[in-house]
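1. I'd like to go over a predicted model; first the sequence, then the structure.
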Amino acid sequence: MRSALRDKIIKVCQKKIEQKGENVGVSFYAFFANKNDEPELLMEAATWWIQTHQLDHFEKAQKIMEMIKAE
(Lines give C-alpha, C1' and ligand atoms only; values in the text may rest on other atoms or scores of the structure.)
Protein backbone atom coordinates (compact mmCIF):
# COMPACT_ATOMS: atom_id res chain seq x y z
CA MET A 1 0.00 0.00 0.00
CA ARG A 2 1.38 3.40 -0.95
CA SER A 3 2.35 5.71 1.86
CA ALA A 4 -0.13 8.45 0.88
CA LEU A 5 -3.02 6.02 1.39
CA ARG A 6 -1.57 4.70 4.66
CA ASP A 7 -1.25 8.27 5.98
CA LYS A 8 -4.80 9.10 4.89
CA ILE A 9 -6.24 6.02 6.61
CA ILE A 10 -4.43 6.77 9.87
CA LYS A 11 -5.53 10.42 9.80
CA VAL A 12 -9.19 9.51 9.14
CA CYS A 13 -9.20 6.82 11.83
CA GLN A 14 -7.66 9.19 14.39
CA LYS A 15 -10.25 11.85 13.57
CA LYS A 16 -13.16 9.40 13.84
CA ILE A 17 -11.87 8.12 17.21
CA GLU A 18 -11.50 11.69 18.51
CA GLN A 19 -15.03 12.55 17.37
CA LYS A 20 -16.92 9.41 18.34
CA GLY A 21 -14.77 7.42 20.74
CA GLU A 22 -12.69 4.26 20.78
CA ASN A 23 -15.48 1.97 19.55
CA VAL A 24 -16.26 3.84 16.33
CA GLY A 25 -16.46 1.71 13.21
CA VAL A 26 -15.33 2.58 9.69
CA SER A 27 -15.50 1.08 6.24
CA PHE A 28 -12.93 1.64 3.52
CA TYR A 29 -15.31 4.16 1.97
CA ALA A 30 -14.62 6.47 4.95
CA PHE A 31 -11.26 7.35 3.39
CA PHE A 32 -12.76 8.82 0.22
CA ALA A 33 -15.16 11.54 -0.88
CA ASN A 34 -18.60 10.57 -2.15
CA LYS A 35 -17.36 10.92 -5.71
CA ASN A 36 -15.01 8.66 -7.58
CA ASP A 37 -12.13 11.12 -7.99
CA GLU A 38 -9.38 8.69 -6.91
CA PRO A 39 -10.35 5.31 -8.43
CA GLU A 40 -6.87 3.77 -8.15
CA LEU A 41 -6.59 4.59 -4.44
CA LEU A 42 -10.14 3.36 -3.83
CA MET A 43 -9.33 0.03 -5.49
CA GLU A 44 -6.10 -0.23 -3.53
CA ALA A 45 -7.96 0.31 -0.26
CA ALA A 46 -10.72 -2.11 -1.27
CA THR A 47 -8.20 -4.79 -2.24
CA TRP A 48 -6.34 -4.40 1.06
CA TRP A 49 -9.60 -4.44 3.05
CA ILE A 50 -11.55 -7.17 1.21
CA GLN A 51 -9.10 -9.48 -0.51
CA THR A 52 -5.95 -9.22 1.56
CA HIS A 53 -7.46 -9.12 5.05
CA GLN A 54 -11.05 -10.33 4.46
CA LEU A 55 -12.44 -7.71 6.83
CA ASP A 56 -16.13 -7.10 7.49
CA HIS A 57 -17.77 -4.07 5.90
CA PHE A 58 -17.40 -2.11 9.17
CA GLU A 59 -14.43 -2.55 11.47
CA LYS A 60 -13.24 -0.64 14.51
CA ALA A 61 -11.16 2.37 13.49
CA GLN A 62 -8.64 1.49 16.21
CA LYS A 63 -8.14 -1.97 14.71
CA ILE A 64 -7.62 -0.60 11.19
CA MET A 65 -5.17 2.01 12.41
CA GLU A 66 -3.16 -0.63 14.28
CA MET A 67 -3.11 -2.93 11.24
CA ILE A 68 -1.86 -0.13 8.99
CA LYS A 69 0.86 0.90 11.45
CA ALA A 70 2.01 -2.73 11.82
CA GLU A 71 2.60 -3.18 8.09
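-> Now that the structure is in, tell me what you want to look at. Numbers count the residues shown, from 1 in each chain.

2. please look at residue 12 and residue 30 and confirm they touch.
-> Yes - Residue 12 is within contact range of residue 30, at 5.7 Å (criterion: Cβ atoms under 8 Å). Heads up, the C-betas are built off the backbone N, CA and C, glycines and all.

3. how about the strands in this structure?
-> Per DSSP state E, the chain carries strands over the ranges 25-26, 59-60.

4. and stretch 15-33, which residues are buried?
-> 16, 17, 24, 25, 26, 28, 30, 31, 32 (16 or more other Cβ atoms under 10 Å).

5. ugh, wrong one, stretch 47-66
-> Under 16+ other Cβ under 10 Å, the buried positions of stretch 47-66 are 48, 49, 55, 59, 60, 61, 62, 64, 65.

6. how far away is the fourth one from residue 36?
-> Between residue 59 and residue 36 the distance is 22 Å, computed by Cβ to Cβ, to the nearest Å.

7. packing partners for the helix-or-strand element of the chain with minimal mean pLDDT?
-> Ranked by mean pLDDT, DSSP states H and E, the weakest helix or strand in the chain is helix 39-46, scoring a mean of 92. Secondary-structure packing of helix 39-46 (3 or more Cβ pairs under 8 Å, 6 or more residues apart in numbering; DSSP states H and E): helix 3-20.

8. what's the helix it packs on packed up against?
-> strand 25-26, helix 39-46, helix 61-70.

9. can I get those in CSV including distance to residue 7?
-> Formatted as CSV, those follow (distance: least, Cβ to Cβ, whole Å):
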stretch, distance to residue 7
strand 25-26, 15
helix 39-46, 12
helix 61-70, 9
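
10. from residue 21, how far off is residue 51?
-> Per Cβ to Cβ, residue 51 is found 29 Å from residue 21.

11. cool, and residue 13?
-> Distance, residue 13 to residue 21, by Cβ to Cβ: 12 Å.

12. of the helices and strands packed on helix 3-20, which is nearest residue 2?
-> Residue 2 lies closest to helix 39-46 among the helices and strands packed on helix 3-20, at 7.0 Å (Cβ to Cβ).

13. what's the angle from the closest one to helix 3-20?
-> Orientation check (axes from the mean of the first three to the mean of the last three Cα atoms, to 10 degrees): helix 39-46 against helix 3-20 gives 70 degrees.
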